[in-house]
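Trainee: Got a sequence here, can you build the structure:
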Amino acid sequence: MDGTKHELKNIIESDYTFIVLHKTDSTFIIDFNFDRVKIITSSNLYGEVINVDTKHNVTKDNIQAQVFSGMIGSKLKMELSKNGKIKWVSGADKMITNMIAKAGIYDELTKQVMIESM
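Mentor: Residues are numbered from 1 along each chain as shown. Here you go, the predicted structure:
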């Protein structure tokens, strides 16, 4: 494998809901949540390595689908400037905890590795 080029291609789709809670002269405070996440990752060496659509193929034996299903319904809040820059996001820690719980991961070391990687 030395010198072998490994290329990954990600196709990511998501449906989400934004609700503008408050508008100032320069920003918007927005509640949002994911309604659907679809991720397909393919590799030039290994073929398709991830294929998840939270609307269709979330089964108990599909850990990847379980992880991403934890995003669905998680409540997030952000402040967005009128030029499109995100000033802050809250709720991500709780969403990540939910993603780990949905996957049935209870080992503390594995949890920490996942938290740090997200």
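
Trainee: In this protein, mark out all the strands, start to finish.
Mentor: 8-23, 27-43, 47-53, 76-81, 86-90 (DSSP state E).

Trainee: export those to TSV and tack on mean pLDDT?
Mentor: Output for the strands of the chain, formatted as TSV (pLDDT from 0 to 100):
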stretch	mean pLDDT
strand 8-23	96
strand 27-43	96
strand 47-53	94
strand 76-81	96
strand 86-90	96
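
Trainee: Please name the residues that touch residue 20.
Mentor: Going by CB atoms under 8 Å, 6 or more residues apart in numbering, residue 20 touches 28-30. Where C-beta positions appear, they are placed from N, C-alpha and C, glycine not excepted.

Trainee: top of those by neighbour count?
Mentor: Among the contacts of residue 20, the one with the most neighbours (other CB atoms under 10 Å) is residue 30, at 19 neighbours.

Trainee: Can you name the residues that contact the closest residue to residue 19 other than its chain neighbours?
Mentor: With CB to CB, 6 or more residues apart in numbering as the criterion, residue 19 has its nearest non-adjacent residue at 4.6 Å, and that residue is residue 31. Contacts for residue 31 (CB under 8 Å, 6+ apart) come out as 18-19, 21, 75-77.

Trainee: what does residue 44 give?
Mentor: 5-7.

Trainee: switch the cut-off to 10 Å
Mentor: Under the criterion of CB atoms under 10 Å, 6 or more residues apart in numbering, the neighbours of residue 44 are 4-9.

Trainee: Dump the residues you listed into JSON lines; add neighbour count and distance to residue 82 as well.
Mentor: As requested, those are arranged in JSON lines below (neighbours: other CB atoms under 10 Å; distance: CB to CB, whole Å):
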{"residue": "4", "neighbour count": "7", "distance to residue 82": "47"}
{"residue": "5", "neighbour count": "6", "distance to residue 82": "42"}
{"residue": "6", "neighbour count": "9", "distance to residue 82": "41"}
{"residue": "7", "neighbour count": "8", "distance to residue 82": "38"}
{"residue": "8", "neighbour count": "12", "distance to residue 82": "35"}
{"residue": "9", "neighbour count": "10", "distance to residue 82": "34"}
